[in-house]
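In: just a sequence and a predicted model for now, questions to come.
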Amino acid sequence: MHVEQPTIIYTLTDEAPMLATHAFLPVIRTFAGAAGINIETSDISVAARVLAEFPENLTDEQKVPDNLAELGTLTQSPDTNIIKLPNISASVPQLLATIKELKAKGYDIPDLPENPSTDAEREIRDRYTKCLGSAVNPVLREGNSDRRAPRAVKEYARKHPHSMGKWSMASRTHVAHMRHGDFYHGEKSMTIDRDCDVRMELVTEAGETIVLKPKVSLGKGDVFDSMFMSKKALIEFYEEQMDDAYKTGVMFSLHVKATMMRVSHPIVFGHAVRTFYKDAFAKHGELFDELGVNVNNGLADLYSKIEALPATKREEIIDDLHECHEHRPELAMVDSARGISNFHSPSDVIVDASMPAMIRAGGKMYGADGRTKDTKAVNPESTFARIYQEVVNFCKTNGAFDPTTMGTVPNVGLMAQKAEEYGSHDKTFEIQADGVANIVDIATGEVLLSQNVEQGDIFRMCVVKDAPIRDWVKLAVNRARNSDTPVVFWLDPYRPHENELIKKVETYLQDHDTEGLDISHMSQVRAMRYSLERVVRGMDTIAATGNILRDYLTDLFPILELGTSAKMLSIVPLMAGGGLYETGAGGSAPKHVKQLVEENHLRWDSLGEFLALAVSLEDLGRKADNAKAGLLAKTLDAATGKLLENDKSPSRNTGELDNRGSQFYLAMYWAQELAAQTEDEDLAKHFAPLAQALAANEDTIVAEFAAVQGQEVDLGGYYAPDNAKTDAVMRPSETFNSTLAAAQ
Ligand SMILES: NC(=O)C1=CN([C@@H]2O[C@H](COP(=O)(O)OP(=O)(O)OC[C@H]3O[C@@H](n4cnc5c(N)ncnc54)[C@H](OP(=O)(O)O)[C@@H]3O)[C@@H](O)[C@H]2O)C=CC1
Ligand SMILES: O=C(O)CCC(=O)C(=O)O
Ligand SMILES: [Mg+2]
């Protein structure tokens, strides 16, 4: 990859965003080319990442470079400009499906050894582990996050409000979280006053010392925490909540983030499944162990492992599972038509999106009969769950939010360099034996933090480095200044980690001119209350938060304000000077692919991509002193505004305008804006014919896009679709294709 010329690196990812990219790249190249900007692509799909791990198993033609590592290196260069689309953060079932598909396509990669017993198997497992969960974002996010709804998008939502469910005071929906024994309650935190290396170890009651992590390097001023979740307390909590939901007749739903918390949350998820079906597990536990059943990967894992059993045994197990439902609460469903419950797979219900979707729907989720119902929303970790209860309380009292009048809550998130819990996977352990879990200074042997733990507890260490904290404070001050909006740091003085952060924020704020700015800090629950009270009055409040709240709030507020987080501007100013432009805050919505494959309609909205491209071009314009790039950015923003004004976003319904049609309108408006501007005559001349040709052929092109819809299509794969087939599906308008080609 050469990055000498002004270059934008556009990532190729998975599912709907990847499909949209097949249509969008030729558009981008047509416009960027006119300003001498190079567009490079970098495939970081889960399939490409898997292949990059096993070069020795592949032929030369099949080999894939380690694009993610290369991008990670580029984040350290000031010229880097990356547009990052959402990618799959794979759960084990998704990884297994990827491996299966790649093998069927002739890639000779190994199977995932689920219970490795030899060194060779362990090595294969470790390589695959690198492709699991949120493996991409932490590598690229070498900066903090700035997410907000652009003015045009907010205005559009005010004029064309999305539907909102009704909230009733009588709603029985509530959030349940642990009251003791979770990460919040046992947390210890420390700011280190020197550079040092530490190790994580378990000293068992029998006196044996087990090294969990031989070395973690800390720098002076870094904040690090030690915390654990008690297995006993978690299971007790589940029992209580399941009982309570059963007795009171309210539905039960579980909300975790097994993708980003890829070590701890599958365990938390698995305990819920085992508790719910505890009678069946008591009866068949030994057999399940023999079969290698691991419900940390969802109930789907159990169902697939019992496939091989004789029919009578299988039926007995299934009957026993069904029997459990008799004395357990109704479960929220992911797909009631297909009988897929909340326990099916840990990646089906992802808290950042699932809680806002429930709140937007008036506190309802789907039950097994396909009807929406109130639910007990179980978010085991109390550290952050309480913010959702505050929103639920607010909606019960004040009714649903009104998108036509509500204010906005932009976010400045502490995210850089694997900050906090989201960077803790390599420092998270399921404890093997009762004892004391320590973090020890290697040089001196001093125990810095310690916890009494029991077998099965989840013990982890989180780190946030000093430089990202300084950068975060700077970003928050700049945002407050640029948008003349109050900033609240969501920091809870009762939480040891955040208490350390409060001290740092107060210190680093002194490095800035904060004259006339309204900057405060509040615990999360108060901050939520304060922001909601303002938002409902149409007032804006910037939330400066840690990494998890960044994730939660940048789905919550956009979903309430705009109907989706896909319409957010999501910028990561890299600490080394480059820019990472993420598209929206949402994921890759697998149900969009399903609709495309079945009906050839892609309802994915590429607005996030349009917004990201504009800021990426603007940045290139400024840094490379390329006025044409700046003009491309300005006109793209105007075109995006027009797209919203004229309601040319994709419809959810087959037969109507979809992603491809919407991209055509963007291209037409963009060409028109460029042809009409007077700042650069060359660009105006260059784009006038394209503007004319697209306008003249508007009806033909839209008709060509409509004509293909309603039938099944073949992409030649899900995780690794066939490029030519996907291009053909995503570029069905000959007229549009040839008009674009003529303008290049
Ligand atoms: N940055 C990243 O790389 C992220 C990746 N992910 C990954 O994405 C996958 C799905 O996660 P999930 O939690 O379901 O989150 P999604 O954001 O994919 O889905 C939530 C819902 O948001 C809506 N939505 C999101 N983006 C768009 C868009 N551009 N256009 C239209 N609608 C949109 C859809 O709702 P509706 O159809 O009702 O309109 C969708 O069903 C997982 O593999 C997850 O790991 C998730 C979050 C971020
Ligand atoms: O990396 C992931 O798995 C999801 C990221 C995410 O949800 C976010 O950044 O909002
Ligand atoms: Mg998110």
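Out: Looks like it arrived, so ask away. Ligands and ions are numbered 1, 2, ... in the order given.

In: what values do phi and psi take at Phe224?
Out: With angles defined as degrees, to the nearest 10, Phe224 sits at phi -130, psi 150.

In: let me redo that: Ala176
Out: phi -110, psi 130.

In: so what's it scoring on pLDDT?
Out: pLDDT, Ala176: 98.

In: cool, and the one 3 residues further on?
Out: Model confidence at Arg179, given as pLDDT, is 98.

In: quick one, what contacts it?
Out: 237, 382 (C-beta atoms under 8 Å, 6 or more residues apart in numbering). Any C-beta I mention is one placed from the backbone N, CA and C, and that applies to glycine too.

In: which residue is nearest the centroid of the chain?
Out: Nearest to the mean C-alpha position of the chain, by C-alpha atoms, centre = their mean, lies Gly587 at 5.5 Å.

In: near ligand 1, which residues of the stretch 51-200 of the chain? Just list them.
Out: 86-89, 137 (C-beta under 6 Å from any ligand atom).

In: so which of those belong to strands?
Out: Using DSSP state E, no member of these falls in strands.

In: who wins for most neighbours among the residues you listed?
Out: Ranked by neighbour count (other C-beta atoms under 10 Å), these have Ile88 at the top, with 28 neighbours.

In: so who does that residue touch?
Out: 13-15, 45-46, 94, 588, 719.

In: now the residue nearest to the centre of the chain, what's its secondary structure?
Out: coil (DSSP: H, G, I helix; E, B strand; the rest coil).

In: and it, what does it touch?
Out: Applying C-beta under 8 Å, 6+ apart, the residues near Gly587 are 86, 89, 350, 353.

In: let me know the closest of those residues to ligand 2.
Out: Nearest to ligand 2 among these: Ser89, at 3.2 Å, using C-beta to the nearest ligand atom.

In: pLDDT score for the closest one?
Out: Note on Ser89: pLDDT of 94.

In: how about the nearest residue to it, chain neighbours excluded?
Out: Nearest residue to Ser89 in three dimensions, chain neighbours excluded: Thr259, at 3.6 Å (C-beta to C-beta, 6 or more residues apart in numbering).

In: repeat for Ser588
Out: Closest to Ser588 by C-beta to C-beta, 6+ apart is Glu15, at 3.8 Å.

In: roughly how far does the one you found sit from ligand 3?
Out: Counting by C-beta to the ion, to the nearest Å, the gap from Glu15 to ligand 3 is 15 Å.

In: same thing with Val412?
Out: Val412 sits 15 Å away from ligand 3, going by C-beta to the ion.

In: how near is that residue to Ser570?
Out: Val412 is 12 Å from Ser570, where distance means C-beta to C-beta, to the nearest Å.

In: tell me, what's touching these two both at once?
Out: Shared contacts of Val412 and Ser570, counting by C-beta under 8 Å, 6+ apart, come down to 145-146.

In: restricting to C-alpha, output the helix or strand where Glu506 lies in PDB.
Out: Per DSSP states H and E: Glu506 is located in helix 496-509. Provided in PDB are the C-alpha atoms of helix 496-509 (Å, rounded to 0.1, in the frame of the first residue of the first chain):
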ATOM      1  CA  PRO A 496     -12.600   3.900  42.300                       C
ATOM      2  CA  HIS A 497     -11.600   4.000  38.600                       C
ATOM      3  CA  GLU A 498     -13.700   7.100  37.900                       C
ATOM      4  CA  ASN A 499     -12.500   8.800  41.000                       C
ATOM      5  CA  GLU A 500      -9.000   8.500  39.600                       C
ATOM      6  CA  LEU A 501     -10.200  10.000  36.400                       C
ATOM      7  CA  ILE A 502     -12.000  12.900  38.100                       C
ATOM      8  CA  LYS A 503      -8.600  14.000  39.600                       C
ATOM      9  CA  LYS A 504      -7.000  13.800  36.200                       C
ATOM     10  CA  VAL A 505      -9.700  15.600  34.400                       C
ATOM     11  CA  GLU A 506      -9.600  18.400  36.900                       C
ATOM     12  CA  THR A 507      -5.800  18.700  36.400                       C
ATOM     13  CA  TYR A 508      -5.900  18.600  32.600                       C
ATOM     14  CA  LEU A 509      -8.700  21.000  32.300                       C
END
